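Asker: Provided below for reference: sequence and predicted model.
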Amino acid sequence: MLQKIGFKPCCTNICDNYVTCRIYPQKNGDFVTRVALINNSEETEINATNIQVELLTSDRTSLEKHGINFDYGILPFLIWNNSKQIFKFNQFKTDGVIPAFLSLIIFGEHRFFKLMQDEGEPQNGDGENGETPEEEIPEEETPESGTPPAGSAPPAEAPPQGRCCVESFETPKDEFPNGQVPTDTVELNNPDAGKFRIYLAEGWKVKAKFSSTPEPCNCDCCEYRQYVKGHVNLIFNAGEENEWVLDQNPELDFVIPEGGGDPEPVKLNDENFLEDSVPNHKDPTEPHNYGHKPSQGIMPEAYRDCYYWNVDTPKSRVIPFMDITVDIDIKFQGKIIDICTGEDREVEEWQWKKRDFLPRDN
């Protein structure tokens, strides 16, 4: 299994894509890099040659690539809540030398990152992410207490009163046996991408009906939330001693670390339910979520009077440059929450699960 230890991931905005990069040290001393591009266009195709990744030593010597490398053809992706996340992996031979820098070129635009140890100290040089530190900017003086600053937002509306009353709540748990979402598999051959396979969850719809009677029922007290946990893995040499696992787990959110600094990604994982989100590649700390009012207009969903609905069809494309086992296992949790009392009114769970062997495209 790949272990994500030893280095802080980089996050940056390049050519209208929000980019994250992670480094996975291996038991044999190698390092694997994972670069993910996030944008809100399902039409975007990115060729591997448009993304150049290098690991360098402290004297700026490039480490040798070998083994697993996504360097040719169209890159694999995962469609998550209408947002595409594109992945590129590279494996580097280190011969015991710890990399000090990561060089990243996307569509000709270059970024240079100093790799950070867990305690947050750069290994080499001054400043962060290969850039000259900016001069400290003094904080602006704030108006006296009781005087709202110029240009401030109007005060928030008073929250609704009463309680949420749910008449009906329909989820994929009701639509599919045991809440197991089927998977459609499509195999295609593209002149640029070569042979590839798309794993497409059968689309589902979540519907809820609320009630405004009897008192104190209030439809405005009802909101929907969706949470996920699990993984999307590409496994090489499955079941063998030299098994490799590369994750295509989507980034769901970005948080500012304590003490400040660049936003850090929060990924889908097997341990904890996280709120199902679409990262905002313009402002990564303000993700798009299901069910929040007012609607952000990004998710395929709507509230209308005392009704709510949403639809979803996650999918993943895999390109077999080696024999690959695809392992998808994601649990979804849908909730109707009462924003007036803070209670959960309805909770349902369903699952998208698929394991498949995809032989190398010869």
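Answerer: Arrived safely, thanks for sending.

Asker: going by neighbour count, list what's buried in stretch 175-195.
Answerer: 176, 179, 181, 183, 193, 195 (16 or more other Cβ atoms under 10 Å). Placement of C-beta: from N, CA and C, glycine included.

Asker: from the residues you listed, which land in strands?
Answerer: Among these, the residues falling in strands (DSSP state E) are 181, 183, 195.

Asker: out of those, flag the one nearest to Lys209.
Answerer: Top of the list for closeness to Lys209, among these and by Cβ to Cβ, is Val181 at 22.6 Å.

Asker: not counting its neighbours along the chain, what's nearest the closest one?
Answerer: The spatial neighbour of Val181 that comes closest, neighbours along the chain excluded (Cβ to Cβ, 6 or more residues apart in numbering), is Trp352 at 4.4 Å.

Asker: likewise Lys173?
Answerer: What sits nearest to Lys173 in space, not counting adjacent residues and going by Cβ to Cβ, 6+ apart, is Gly179, at 3.8 Å.

Asker: SS state for Gly261?
Answerer: Look at Gly261: counting by DSSP: H, G, I helix; E, B strand; the rest coil, its state is coil.

Asker: phi first, then psi, for it.
Answerer: Main-chain dihedrals, Gly261, degrees, to the nearest 10: phi 110, psi -170.

Asker: quick one: low-confidence residue ranges for the stretch 1-150 of the chain.
Answerer: 1-10, 39-45, 81-83, 116-150 (pLDDT under 70).

Asker: now the strands for it?
Answerer: 10-14, 17-25, 31-39, 51-56, 64-69, 77-80, 83-93, 101-106, 109-114 (DSSP state E, counting those that start in this stretch).

Asker: by how many degrees do the first one and strand 17-25 diverge?
Answerer: Which is strand 10-14. With axes from the mean of the first three to the mean of the last three Cα atoms, to 10 degrees applied, the angle from strand 10-14 to strand 17-25 works out at 150 degrees.

Asker: so what are the domain limits for the protein?
Answerer: Taking automatic domain parsing as the reference, the chain has its domains at 10-114, 166-358.

Asker: hmm, back to that, do I have it right that the residue nearest to Lys173 meets Pro172?
Answerer: Yes - judged on Cβ atoms under 8 Å, Gly179 makes contact with Pro172 at a distance of 6.1 Å.

Asker: shared neighbours of these two, anything?
Answerer: Both Gly179 and Pro172 are contacted by Trp350, under the criterion Cβ atoms under 8 Å, 6 or more residues apart in numbering.

Asker: re earlier: for the ones in strands among the buried residues of stretch 175-195, please prepare a markdown table with the additional fields pLDDT and distance to Gln226.
Answerer: A markdown table is the format used below for these (pLDDT from 0 to 100; distance: Cβ to Cβ, whole Å):
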| residue | pLDDT | distance to Gln226 |
| --- | --- | --- |
| Val181 | 94 | 14 |
| Thr183 | 93 | 19 |
| Lys195 | 70 | 34 |
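
Asker: list just the nearest of those to Pro279.
Answerer: Once Cβ to Cβ is applied, the member of these that ends up nearest Pro279 is Val181, at 22.8 Å.

Asker: what's the spacing between the closest one and Gly230?
Answerer: Using Cβ to Cβ, to the nearest Å, one gets 12 Å for the distance from Val181 to Gly230.

Asker: if we can go back for a sec, and which of the ones in strands among the buried residues of stretch 175-195 is nearest Asn69?
Answerer: Looking across those and measuring by Cβ to Cβ, the closest to Asn69 is Lys195, at 17.9 Å.

Asker: who's the closest one bridged to?
Answerer: Lys195 has these beta-bridge partners by DSSP bridges: Asn189.

Asker: does it touch Gly73 like I think?
Answerer: No - with contact defined as Cβ under 8 Å, Lys195 does not reach Gly73; the gap is 9.9 Å.

Asker: so what sits against both of these two?
Answerer: Residues touching both Lys195 and Gly73 by Cβ under 8 Å, 6+ apart: Ile319.

Asker: would you map the strands across the stretch 201-350 of the chain?
Answerer: For the stretch 201-350 of the chain, applying DSSP E, counting those that start in this stretch gives strands covering 204-210, 222-236, 244-247, 251-255, 264-267, 274-275, 277-278, 288-289, 301-304, 307-312, 315-318, 324-338, 343-358.

Asker: would you turn those strands into JSON lines with mean pLDDT and mean neighbour count?
Answerer: Shown next, in JSON lines, are the strands of the stretch 201-350 of the chain (pLDDT from 0 to 100; neighbours: other Cβ atoms under 10 Å):
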{"stretch": "strand 204-210", "mean pLDDT": "95", "mean neighbour count": "20"}
{"stretch": "strand 222-236", "mean pLDDT": "93", "mean neighbour count": "21"}
{"stretch": "strand 244-247", "mean pLDDT": "82", "mean neighbour count": "20"}
{"stretch": "strand 251-255", "mean pLDDT": "81", "mean neighbour count": "20"}
{"stretch": "strand 264-267", "mean pLDDT": "80", "mean neighbour count": "18"}
{"stretch": "strand 274-275", "mean pLDDT": "94", "mean neighbour count": "16"}
{"stretch": "strand 277-278", "mean pLDDT": "80", "mean neighbour count": "24"}
{"stretch": "strand 288-289", "mean pLDDT": "84", "mean neighbour count": "19"}
{"stretch": "strand 301-304", "mean pLDDT": "91", "mean neighbour count": "14"}
{"stretch": "strand 307-312", "mean pLDDT": "92", "mean neighbour count": "18"}
{"stretch": "strand 315-318", "mean pLDDT": "82", "mean neighbour count": "21"}
{"stretch": "strand 324-338", "mean pLDDT": "95", "mean neighbour count": "20"}
{"stretch": "strand 343-358", "mean pLDDT": "95", "mean neighbour count": "16"}
